[in-house]
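*Asks:* Structural data only, the sequence is not supplied:
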């Protein structure tokens, strides 16, 4: 689907138009073959890059072909079960700015609401606002993940299978975030050089601030990832320690119970034994068993084995 919008300094609101006018913003969502051919023919866009942007596994990058700037940036979104990242293609031509993604998302709509003073004729500023909103989305998801991690961390000694599955899923999400954010930071550095698009003085400070904010977002992702790894290792240590305690108790119980087994086995032999003729033989045997067991337990306590 292709939607065309335009807003100049004279316009109070963003308006929707029908044709590719100069200074317009062309929003493309999951285009069909006819729409892709229209973009290629009328705007002279590179078909290969368009196809790359529709590949859900495409990494972030910047290119400039025939005077047209292309930037693929991965943004976070929520599907039915997980938080994932998908590619968004931003194209700056001589006359227009184009955004293209495989799936519909609210990120661009949120940008329009947050920046009421943006204009489709200010292409560099438009691009920066898109990148800002991308990192705002990352920050939103990261804050949610960090909050959930803190909640789970409180009951680390009593995690359920669902909690463990949560950590596995969130760790996978954070790895995806990190692998998506790192190329974006690299691309921002390349954009700042001015080799790809014209950078105005008023935009340089914004790019530098965005560059710093992106590093903070990356650091937040790494902190969340490290927290999950620490919780996982701590939980594994707790389980191992609890298992060792159980094994230790069972081992002591086995040894203590072995003592009466040995004594009773000896007195079950058909040979002459002490106390054979005594009416108190059973009592003597029980006292021997109790004394040996008590002595063994005392020895364990003295050596601090229990």
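*Replies:* Okay, I see it. This one's a predicted model, so the numbers in the text were calculated from it and none came from an experiment.

*Asks:* Same question for the helix or strand where residue 132 lies: list its buried residues.
*Replies:* Residue 132 belongs to helix 123-154 when assigned by DSSP states H and E. For helix 123-154, burial by neighbour count (16 or more other C-beta atoms under 10 Å) applies to 123-135, 137-139, 141-142, 145-146, 149, 152. (Each C-beta comes from the backbone N, C-alpha and C, glycine too.)

*Asks:* Equivalent analysis for stretch 42-50, please.
*Replies:* Buried residues in stretch 42-50 (16+ other C-beta under 10 Å): 43, 45, 46, 49, 50.

*Asks:* And for stretch 290-298?
*Replies:* Result for stretch 290-298 [16+ other C-beta under 10 Å]: buried residues residue 293.

*Asks:* quick revisit: who does the helix holding residue 132 touch, helix- and strand-wise?
*Replies:* strand 68-78, strand 83-92, strand 97-101, helix 107-114, helix 161-192, helix 201-266 (3 or more C-beta pairs under 8 Å, 6 or more residues apart in numbering; DSSP states H and E).

*Asks:* do that again at 6 Å, thanks
*Replies:* strand 68-78, strand 83-92, helix 107-114, helix 201-266 (3 or more C-beta pairs under 6 Å, 6 or more residues apart in numbering; DSSP states H and E).

*Asks:* Enumerate every residue touching the spatially most central residue of the chain.
*Replies:* With distances taken as C-alpha atoms, centre = their mean, residue 174 lies nearest the centre of the chain, 2.0 Å away. The contact partners of residue 174, by C-beta atoms under 6 Å, 6 or more residues apart in numbering, come to 221, 224, 225.

*Asks:* Got the confidence number for the second one?
*Replies:* The per-residue pLDDT reported for residue 224 equals 86.

*Asks:* That one reaches residue 146, doesn't it?
*Replies:* Yes: using C-beta atoms under 6 Å, residue 224 is in contact with residue 146, at 5.3 Å.

*Asks:* on that earlier part again, of the contacts of residue 174, buried ones?
*Replies:* Counted by 16+ other C-beta under 10 Å, the contacts of residue 174 give 221, 224, 225 as buried.

*Asks:* Let me have these in JSON lines, adding distance to residue 56 as columns.
*Replies:* Shown next, in JSON lines, are those (distance: C-beta to C-beta, whole Å):
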{"residue": "221", "distance to residue 56": "20"}
{"residue": "224", "distance to residue 56": "23"}
{"residue": "225", "distance to residue 56": "22"}
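
*Asks:* can the helices and strands packed on helix 123-154 go into TSV with extra columns for distance to residue 282?
*Replies:* What follows is the helices and strands packed on helix 123-154, written out as TSV (distance: least, C-beta to C-beta, whole Å):
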stretch	distance to residue 282
strand 68-78	74
strand 83-92	71
helix 107-114	84
helix 201-266	11
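
*Asks:* How many residues are close by the spatially closest residue to residue 169 that is not a sequence neighbour?
*Replies:* Spatial nearest neighbour of residue 169, excluding adjacent residues (C-beta to C-beta, 6 or more residues apart in numbering): residue 82 at 6.2 Å. Neighbour count for residue 82, taken as other C-beta atoms under 10 Å: 12.

*Asks:* and if you look at the one 4 residues further on?
*Replies:* Other residues near residue 86 come to 20 when the count uses other C-beta under 10 Å.

*Asks:* now residue 222
*Replies:* Look at residue 222: counted by other C-beta under 10 Å, it has 14 neighbours.

*Asks:* who's in contact with residue 181?
*Replies:* residue 218.

*Asks:* For residue 100, which of the helices and strands packed on helix 123-154 is the nearest?
*Replies:* Among those, the nearest to residue 100 by C-beta to C-beta is strand 83-92 (4.2 Å).

*Asks:* Any idea how far the closest one is from the middle of the chain?
*Replies:* 17 Å (C-alpha atoms, centre = their mean, to the nearest Å).

*Asks:* any idea of the mean pLDDT for that strand?
*Replies:* 86.

*Asks:* That one packs against which elements?
*Replies:* Short answer (3+ C-beta pairs under 6 Å, 6+ apart): strand 83-92 packs on strand 68-78, strand 97-101, helix 123-154, helix 161-192.

*Asks:* out of those, nearest to residue 274?
*Replies:* Per C-beta to C-beta, nearest to residue 274 of the helices and strands packed on strand 83-92: helix 161-192, 57.3 Å.

*Asks:* and the angle from that closest one to strand 68-78?
*Replies:* Angle, helix 161-192 to strand 68-78, by axes from the mean of the first three to the mean of the last three C-alpha atoms, to 10 degrees: 160 degrees.

*Asks:* Please identify the buried residues of helix 161-192?
*Replies:* Buried-residue list, helix 161-192, by 16+ other C-beta under 10 Å: 163, 166-167, 170-171, 173-174, 176-177, 180-181, 183-185, 187-188, 191-192.
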